[in-house]
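Peer 1: Just a sequence and a predicted model for now, questions to come.
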Amino acid sequence: MKYACLIYSDESGMATATQEQMQEVMGAYWKFEEEIGKAGVKLGGEALQPTMTATTVQVKNGKTLTSDGPFAETKEQLGGFYLIEAKDLDEAISWAAKIPGAWLGGRIEVRPVIDFSNMQPPQ
C-alpha cells in the first residue's frame, strides 16, 4: 500500500539556522535517503519552498481567487513529503519514525494514499 509521509515543522527555525546546523540536518536527511533508497520503498518525495512562497487557489462563483501563503495559519508548516510503499500502517510508521523531521522537533503525518486504479471514469 502507498503512504504519504508529510513532514511538518516550524520553518522559522530553518530561517535562523547556522550553516553548521543546516549541514547537520541535511546530513541526517541524506543518510535517510540512502537507507530508504536501498530498501526500495521510496516512490517519490520532495522538499517544499517556505510557506511565504505559497499561493492558495480557490474558485468561487466561477472566479479563480488567489491569496499569498497557505490557507491556514499553523504553528507547523508542511515542509516536504515522502511517498512510500509499505505492507501496512505499522511498517509505514516505522519508516516515518526514521525521517529526520520526526526527531528534529517536527512531526510526520502518515496518510494512506487512495488507489483509484480499479475505478472506471464516469461515462
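Peer 2: That came in fine, so what should we check first?

Peer 1: Check for me that residue 94 belongs to a strand.
Peer 2: No - looking at residue 94 with DSSP: H, G, I helix; E, B strand; the rest coil, it is helix, so not inside a strand.

Peer 1: What does the pLDDT read for it?
Peer 2: Looking at residue 94, its pLDDT reads 96.

Peer 1: got the contact list for it?
Peer 2: With contacts defined as C-beta atoms under 8 Å, 6 or more residues apart in numbering, residue 94 has no neighbours. Placement of C-beta: from N, CA and C, glycine included.

Peer 1: Pull up the gap between it and residue 35, please.
Peer 2: 12 Å (C-beta to C-beta, to the nearest Å).

Peer 1: what touches both of those two?
Peer 2: Joint contacts of residue 94 and residue 35 (C-beta under 8 Å, 6+ apart) do not exist.

Peer 1: Could you list every helix and strand in contact with the lowest-mean-pLDDT helix or strand in the chain?
Peer 2: Counting by mean pLDDT, DSSP states H and E, the weakest-scoring helix or strand in the chain turns out to be helix 12-15, with a mean of 82. Other helices and strands packing on helix 12-15, by 3 or more C-beta pairs under 8 Å, 6 or more residues apart in numbering; DSSP states H and E, are absent; none qualifies.

Peer 1: buried stuff in the helix or strand following that helix?
Peer 2: Next helix or strand after helix 12-15 toward the C-terminus (DSSP states H and E): helix 19-39. Applying a neighbour-count criterion of 16 or more other C-beta atoms under 10 Å, one finds 25, 28-29, 32, 36 buried in helix 19-39.
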